[in-house]
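Colleague: Predicted model, plus sequence, below.
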Amino acid sequence: MTLSGRAEELLDAAGRCFAHGGFHATTVAEISLEAGCSPGLLYRYFAGKEALVAALVEREAQRTVARLEAIRGSTDMLGALDRVAVASVGDWDDARAASLHVQIVAEAARGQSAAVSESVRRTYSDVIDALAGTLRVAQQAGLVDDELDAAATARLLVAIVNGLVMLRAAGVGADQPPPQEATGAVLARLLRPARKAQPT
């Protein structure tokens, strides 16, 4: 999904409005006002609120996939994955932004918007596939335990990141710094190649 500069501005405005007022309560008129344009101009780029939500989800997925693909040549894969995880959580670090993430997933789970449900499903699939691919490259290089199932591990790591975002949305640990050191330690213990027993 390649967007023009104006479309990006409209998405940014929609994200701010959804995070502040909630997906269902926010109107296209409010988004247009936030973006400094007419509703007619917004409709030139997006069919409505559901299309805006779908585009927001897909844009975030593209960013995460690009991060994961960019680190495939890293010799410090555990450190690189830690930085990607921290960046992904940081994308939703603001409580309102984290709340928006939860709202979007809940909307997808309700299944009343085919566009939103499909976009969320595809987004998770794309991110998990990209992460699994990155893990496989690292396994081939001996940087990640080759006995791990890359796809299953990718799902687990994505679930951890999503769990941190949900805690942020609920205000849990809001007065504490992000658990970056713990995240890095968990990744290292989970992914580091197992020490092979020496033959006797």
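Modeller: That came through fine.
Colleague: Contact partners for residue 111?
Modeller: residue 117 (CB atoms under 8 Å, 6 or more residues apart in numbering). Every C-beta, even on glycine, is put in place using the N, C-alpha and C of the backbone.
Colleague: separation between it and residue 134?
Modeller: 31 Å (CB to CB, to the nearest Å).
Colleague: again with residue 99
Modeller: Residue 99 sits 29 Å away from residue 134, going by CB to CB.
Colleague: Just give me the neighbour total for residue 134.
Modeller: The tally of other residues near residue 134 (other CB atoms under 10 Å) stands at 25.
Colleague: Where does it sit, in terms of helix or strand?
Modeller: helix 114-140 (DSSP states H and E).
Colleague: again, but for residue 61
Modeller: Going by DSSP H and E, residue 61 is in helix 49-70.
Colleague: what helices or strands is that helix leaning on?
Modeller: For helix 49-70, the contact count by 3 or more CB pairs under 8 Å, 6 or more residues apart in numbering; DSSP states H and E identifies helix 5-21, helix 28-35, helix 77-90, helix 95-110, helix 114-140 as packing neighbours.
Colleague: Just after the last one, pick out the following helix or strand.
Modeller: Stepping forward along the backbone from helix 114-140, the first helix or strand reached (DSSP H and E) is helix 150-169.
Colleague: Buried residues in that following helix, which are they?
Modeller: 150, 153-155, 157-158, 160-162, 164-166, 168-169 (16 or more other CB atoms under 10 Å).
Colleague: Restricting to C-alpha, output it in CSV.
Modeller: C-alpha atoms of helix 150-169 as CSV (Å, rounded to 0.1, in the frame of the first residue of the first chain):
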residue,chain,number,x,y,z
ALA,A,150,9.9,-20.6,13.6
ALA,A,151,6.2,-20.1,12.8
ALA,A,152,5.0,-21.0,16.3
THR,A,153,7.7,-18.9,17.9
ALA,A,154,6.7,-15.9,15.7
ARG,A,155,3.1,-16.3,16.9
LEU,A,156,4.2,-16.3,20.5
LEU,A,157,6.4,-13.2,20.1
VAL,A,158,3.7,-11.3,18.4
ALA,A,159,1.3,-12.3,21.2
ILE,A,160,3.8,-10.9,23.7
VAL,A,161,4.0,-7.6,22.0
ASN,A,162,0.2,-7.4,21.7
GLY,A,163,-0.1,-8.3,25.4
LEU,A,164,2.1,-5.4,26.3
VAL,A,165,0.0,-3.0,24.2
MET,A,166,-3.2,-4.2,25.9
LEU,A,167,-1.6,-3.7,29.3
ARG,A,168,-0.7,-0.1,28.2
ALA,A,169,-4.3,0.5,27.0
